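> sharing a model that was predicted from the sequence below.
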Amino acid sequence: MKTKYEDKNISANNFEQCTKCTICTAYCPVVEVNPLYPGPKQAGPDGERYRLKEPMYYDMGLKYCLNCKRCEVACPSGVRIGDIIALAKAKNGPKIPKLRDVVLANTDFVGSVATVVAPVVNTTLRMGAVKKVMDVTLGVDHHRTMPAYASQKFTTWFRKEAAAKQREFERSVTYFHGCYANYNYPQLGKDLVKLLNAIGYGVNLMEGERCCGVAKIVNGLMKDATRDAKRNIGQMRRAVEMGDQIVTTSSTCTFTLRDEYEHVLGLDNSDVRDSISLATRFIYRLVESGQVRLAFREDFRMRAAYHSACHIEKLGWSIYSTTLLKMIPGMELIMLPSQCCGIAGTYGFKKENYKYSQAIGRPLFDHIEKLGVEIVTTECETCKWQIEMSTSAKVMNPISILAEAIDVEKTRELNK
Amino acid sequence: MAAKSKKEYDVIVIGGGATGAGTARDCALRGLKVLLVERKDFATGATGRNHGLLHSGARYAVTDQESAKECISENMILRRIARHCVEETDGLFITLPEDDLAYQSLFIDSCRKAGIRAEAIAPEEALRLEPSVNPALVGAVRVPDGAVDPFRLVSANVLDARLHGAEVLTYHEVENFVREADRIVGVVLRNTLSGELLEVRGRMTVNAAGIWGHLLAAKAGVEINMFPAKGALLVFGHRVNNMVINRCRKPADADILVPGDTISLIGTTSERIPFDEVDNNVVTPAEVDVLLREGAMLAPELATTRILRAYSGVRPLVAADNDPSGRNISRGIVCFDHAERDGLEGLVTITGGKLMTYRLMAEWVTNLVCRKLGVTVGCTTAEQPLPGSKSVPVSEGRKGRKEFVSLRAGAKGAVGRHGDMAEEIGIRSGKDAALVCECEQVSVAELRYAIEKLDATCLVDLRRRIRLGMGTCQGHLCALRASGVLSECGRTREQTLTDLASFVDERWRGVRPVAWGDSIVEAQFTQWFYDGVCGLGDIVKPNKAQEE
């Protein structure tokens, strides 16, 4: 007998679409190395039923989730396992975050202070004694070196050196630079400006861009993350209304702006979501549709291995970067097997996670060393820190490689 | 008759439902030598096939004050003696726009007359307390309803009876009564697994066989006029509501939604069925429709929540003795002394009633048995907590909560199911802690405990003892893992495979009436997994054929 309930009984509760096939757990990088983590199926849809019964059934092991979302990529039923876990951590997990987590999570606040006194901070953070103190007092593992801060922020450089020139272009995009390009590695932002200018696009920045909030989300600072996200959505909306696409250089920022805002913070970003794109995807689409042509330096030679960061895997966008890189005549690009490097943003910095973080990345590190490549390329800045710390390779964002390989003059000519 | 032995007991209790188990416990606590006999497993009849509602009595207040008073009194007793089986959720009786709001004041007055706390609350307050409730409601009354796990309750009663010397035989069916002149002096039992016959002697025999008590009485040559009334229910995939939700109107179909453990239950329907359908009743599409339609009136979210399965049970309704037509059916407790009623000594019957009043029924019949045996010890079951509820649960108080949160999943599940008896489970190794049933957080150690201490003999028994296979996947992974543990506990290959096949069949039987949407996806995946991955397609098929 057919009733109206028949079509309705596809559950509206996403976790109930889990068929318990356990593929997510098979793909989870943490389960393999850490017996204290219950695995995505148990931590996500299984645990959710118990947490609904009584929040005390919250499993403390959930803190070991990397938020890599590889479980969601693997799930054949479209269950948002990673989101369920992230939300459970925020709702049922320990309420008072550790001082360390607050410091690690506030990448933009800490970054804007640190860049002012960068030489002092960088030297200090590299000192063995300081690392030991941070290990003991804060729980930041002493094996780690905090990322170095730049002495001039990207935004400062842009205002002084680049902003005026951008008005010469007829077409423009808005660049969401994120904390890493702004505070730690402004060269990435400069590379993007170079590349976009070469293909005839001017670059705008948002007014008062905030951190995308991913570090706050994973450290349970939902209120702060929501405040930043609302501000960013507002700013992105203005950019889109002006006719700009929003481009990014960080895979995690991209993924956060597009998906986490809605799924984890419950904010409506539907009017801007489709306009947010990784810069390589934006450029690839222009090239593919024939709107833009690229010319590369004839003397450029590179052998590099591409690492698909977890959130690129989740976005399904590695194809854009790799196809662009393969267009460079002097490029030999090797694909690394898609696996997590273990750092997962602030996760790997935490003392309790260090050993798991390294164990997760071990097969990847070994693979890189065996290939003997000097350059690994990936869109994720924290993967960069992890791989550079754990292997002898240097890690570059595909945008930086493209910026190095591009023949600016010829490209300009081609796109006139 | 090839009876093997003739053990002597003071009392033989027939029926392993709540009433039988409660009676065995009561008799044992009063110092009697007890044998409890069950033809299948504990709680396989009406006991395990209802809402698991800890009635406040409010539902009966308007129509049946006596039942209402019994309910609220037993409700308060169970909160004390069986706290690990009870969830103190409270309940709402909601009035929807199509209901008569005037009924509410009659309802509240009747509740108060029966001694049931009943307070009218504003619709907004009801929505705040229970966000899943139909937002169209125009009135609500809060009452002390709750949830009770009937499987746990029976298990705890049996365990306590055992601790006080009772013996227990499951999978033993009464073949016949042993009669000497006008006296029942024992029963001949047939082991339903081996076919072996066994004669036991008892000074008194208690018929606590629920609806099957009708047939049992006939074997003794006495007549009890019973009317099987089928009630169907649906199980939803998670806890939609945290308070019981009822309709504030005259009791009707599908107007109670109960949160129980990890799920929610909507029920019931009520339909008279013939005796030959008692052992094999199925939920019909029409019943599923009514349950869904009415359920969504209580909590609209039900319309888009995954349904796990459907099941039905049979209420043992008894016609009054002076009314053989069955028109004047009572839901109250019926206790017959067949010596007085039919001139047959040695046999008493306890029936009617409901899960809520099982303890009171046990008290009544034990009083009668004691009077007949000249025993003067009084009943203490209202005061003595059941095993599992003897001490304050670890999860209470600030420190306790913190400690509980830090436990691993399997240990948490065990505390939730066994209360203070969880200490007996003893997780000693990594393997002990490993989860057999992930949906319901059942560890290997808990499985062993159920086999060794709680009389579980097969997968279906394990489901009733420790919720194995009751979760979202309906047993597709855990059944295989549990089969492995059962094999380690001495089952043969053939036993294991037959057991597995009948378990998978039993699960499918419940899924079938609701096999669409997410449920059919799961069922197909299970089928593919057993057939394609495990190569077990052939063990399942013969049984399927039987069912068709």
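Structure received.
> got any ranges where the chain has weak pLDDT?
Answering for chain A, as no chain was given. For chain A, the stretches with pLDDT under 70 are A:1-9.
> the intended chain is chain B.
Along chain B, the model assigns pLDDT under 70 to residues B:1-5, B:321-331, B:393-395, B:397, B:539-548.
> buried residues, the lengthiest helix in it. List them.
Counting residues, the longest helix found in chain B (DSSP state H) is helix B:493-511. Neighbour-count burial for helix B:493-511, counted by 16 or more other C-beta atoms under 10 Å in any protein chain shown, picks out B:495-511. C-beta: built from backbone N, CA, C; applies to glycine.
> now do the contacts for the residue most central in space within chain A.
For chain A, A:Thr252 is the residue whose C-alpha lies nearest the centre (C-alpha atoms, centre = their mean; 1.7 Å). By C-beta atoms under 8 Å, 6 or more residues apart in numbering or on different chains, the contact set of A:Thr252 is A:Cys212, A:Val214, A:Ala309, A:His311, A:Gly345, A:Cys380, A:Glu381, A:Thr382.
> so A:Ala279 sits against A:Lys194, correct?
No: contact criterion C-beta atoms under 8 Å: A:Ala279 and A:Lys194 do not qualify, at 11.7 Å.
> if I read this right, B:Asn225 contacts B:Ala319, doesn't it?
Yes: B:Asn225 is in contact with B:Ala319 according to C-beta under 8 Å; the separation is 4.1 Å.
> so where does A:Pro325 fall, helix or strand?
Quick fix: residue A:325 is Leu, not Pro. Element membership of A:Leu325 [criterion: DSSP states H and E] is helix A:318-326.
> output the contacting helices and strands for that helix.
Where contact means 3 or more C-beta pairs under 8 Å, 6 or more residues apart in numbering or on different chains; DSSP states H and E, helix A:318-326 is packed against helix A:279-288, strand A:302-306, strand A:331-335, helix A:398-405.
> which parts of that helix are buried?
A:Ser318, A:Tyr320, A:Ser321, A:Thr322, A:Leu324, A:Leu325.
> relative to helix A:279-288, how tilted is it?
Inter-element angle recorded for helix A:318-326 and helix A:279-288: 70 degrees (by axes from the mean of the first three to the mean of the last three C-alpha atoms, to 10 degrees).
> who touches helix A:318-326?
Against helix A:318-326 from outside (C-beta under 8 Å, 6+ apart): A:278, A:280-281, A:283-285, A:287, A:294, A:304, A:306, A:308, A:312, A:331, A:333, A:335, A:338, A:377, A:379, A:398, A:401-402.
> quick one: residues contacting residue 173.
Here I'm looking at chain A. Contacts of A:Val173 were listed using C-beta under 8 Å, 6+ apart, and they are A:Leu196, A:Tyr201, A:Gly202, A:Val203, A:Asn204, A:Asp244, A:Gln245, A:Ile246, A:Val247, A:Phe282.
> to clarify, I was referring to chain B.
Residues near B:Glu173 by C-beta under 8 Å, 6+ apart: B:Arg39, B:Leu189, B:Arg190, B:Thr192.
> now the buried members of these.
Buried among those (16+ other C-beta under 10 Å): B:Arg39, B:Leu189, B:Arg190.
> and which of the residues you listed is nearest A:Val117?
Ranked by distance to A:Val117 (C-beta to C-beta), the buried ones among the contacts of B:Glu173 are led by B:Arg39 at 82.0 Å.
> ok, and the closest non-adjacent residue to the closest one?
B:Glu173 (3.8 Å; C-beta to C-beta, 6 or more residues apart in numbering or on different chains).
> how about B:His476?
Using C-beta to C-beta, 6+ apart, the closest residue to B:His476 is B:Thr526 (3.9 Å).
> my guess is that neighbour contacts B:Cys478. True?
No: judged on C-beta under 8 Å, B:Thr526 makes no contact with B:Cys478 at a distance of 11.4 Å.
> next, give phi and psi for the residue sitting furthest away from the middle of chain B.
Computed with C-alpha atoms, centre = their mean, the residue of chain B farthest from its C-alpha average is B:Ala181, at 37.1 Å. Backbone torsions of B:Ala181, given as degrees, to the nearest 10, read phi 50, psi -120.
> now the one 3 residues further on
Here the main-chain torsion angles of B:Ile184 (degrees, to the nearest 10) amount to phi -90, psi 120.
> what's the neighbour count on it?
A count of nearby residues for B:Ile184, using other C-beta atoms under 10 Å in any protein chain shown, gives 25.
> which ones are touching the closest residue to it other than its chain neighbours?
Distance criterion C-beta to C-beta, 6+ apart; nearest residue to B:Ile184, sequence neighbours excluded, is B:Gly346 at 3.7 Å. Contact partners of B:Gly346, counting by C-beta under 8 Å, 6+ apart, are B:Arg183, B:Ile184, B:Val185, B:Gly202, B:Arg203, B:Met204, B:Thr205, B:Ala339.
> do the same with B:Gly267
B:Asn50, B:His51, B:Gly231, B:Ala232, B:Leu233, B:Leu234, B:Ala254, B:Ile256, B:Val258, B:Leu291.
> try 10 Å this time
B:49-53, B:231-235, B:253-258, B:287, B:291, B:294-295, B:310-313 (C-beta atoms under 10 Å, 6 or more residues apart in numbering or on different chains).
> what are the phi and psi angles of it?
With angles defined as degrees, to the nearest 10, B:Gly267 sits at phi -170, psi 180.
> list buried residues within the contacts of B:Gly346.
Among the contacts of B:Gly346, those classed as buried by 16+ other C-beta under 10 Å are B:Ile184, B:Val185, B:Gly202, B:Arg203, B:Met204, B:Thr205, B:Ala339.
> now, the residues you listed that are in helices?
Residues of the buried ones among the contacts of B:Gly346 located in helices (DSSP H): B:Ala339.
> return the member of the buried ones among the contacts of B:Gly346 nearest to B:Gly165.
Distances from B:Gly165 to the buried ones among the contacts of B:Gly346, taken by C-beta to C-beta, are shortest for B:Gly202, at 14.5 Å.
> spit out the contact partners of that closest one.
Listed by C-beta under 10 Å, 6+ apart, the contact set of B:Gly202 reads B:7-14, B:32-35, B:37, B:178, B:184-187, B:346-347.
> is the closest residue to B:Arg162 other than its chain neighbours in a bridge, and if so with what?
In space, and not counting its chain neighbours, B:Arg162 is closest to B:Val168: 6.4 Å by C-beta to C-beta, 6+ apart. Taking DSSP bridges as the rule, B:Val168 bridges to B:Leu36.
> how many neighbouring residues does B:Val168 have?
20.
> that one: what's it in contact with?
B:13, B:16, B:21, B:24, B:34-38, B:42, B:158-159, B:161-162, B:455.
> number of nearby residues for A:Leu138?
Residues lying near A:Leu138 (other C-beta under 10 Å) number 17.
> for it, give its distance to A:Ala129.
To A:Ala129, A:Leu138 is 14 Å away according to C-beta to C-beta, to the nearest Å.
> returning to that earlier point: got a markdown table for the contacts of B:Gly346, with distance to B:Leu459 too?
Compiled in a markdown table, the contacts of B:Gly346 are given as follows (distance: C-beta to C-beta, whole Å):
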| residue | distance to B:Leu459 |
| --- | --- |
| B:Arg183 | 41 |
| B:Ile184 | 35 |
| B:Val185 | 37 |
| B:Gly202 | 32 |
| B:Arg203 | 37 |
| B:Met204 | 35 |
| B:Thr205 | 31 |
| B:Ala339 | 42 |
